[in-house]
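the following comprises the amino acid sequence and a computationally predicted model.
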Amino acid sequence: MSSNSGISSEVLTQAIKEKLSAEHVIANQLILSLLEQEVTDTSGGCGQSFEAIIVSSLFEGKPLLARHRLVNEACAEQIAQIHAFSQKTLTPAQWVETQSKSSS
């Protein structure tokens, strides 16, 4: 039996927006407007599992592990209350490259 963690996509989105100055937070491969933030609840609504694609200039020059640590630190309070959080972290240049490859 699952229970609701009290964490929502909106709560995680706000933490990412405030603490990472994210240019994009993308859910389900949908392109969202600059500074629009969204995180997907993948738990079927029980608030236990979330995933996000996060684009931020704070990731420039940082290896993947350091990027994930930044996100984990920004969302530590929320992540402690959920079962799973999946993240893909990209720099703005990597985001542009990813989008140009997917449109080819």
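Arrived safely.

the spatially most central residue of the chain in helix, strand or coil?
By C-alpha atoms, centre = their mean, the chain has its centre lying nearest to residue 52, at 3.3 Å. Three-state assignment for residue 52 (DSSP: H, G, I helix; E, B strand; the rest coil): strand.

got it, and the one 10 residues further on?
Using three-state DSSP, the three-state assignment for residue 62 comes out as coil.

confirm for me that it is in contact with residue 71.
No. Residue 62 is beyond contact range of residue 71, at 11.0 Å (criterion: C-beta atoms under 8 Å). In this view, the C-beta of every residue, glycine as well, is placed from N, C-alpha and C.

the more surrounded of those two?
Legend: neighbour count by other C-beta atoms under 10 Å for residue 62 and residue 71, higher for residue 71 (25 against 15).

quick one, what contacts that one?
16, 20, 54, 87, 89 (C-beta atoms under 8 Å, 6 or more residues apart in numbering).

wait, is the first one part of a helix?
In other words, residue 16. Yes. Under three-state DSSP, residue 16 sits within a helix.

that one and residue 91, how far apart?
Going from residue 16 to residue 91 by C-beta to C-beta, to the nearest Å gives 15 Å.
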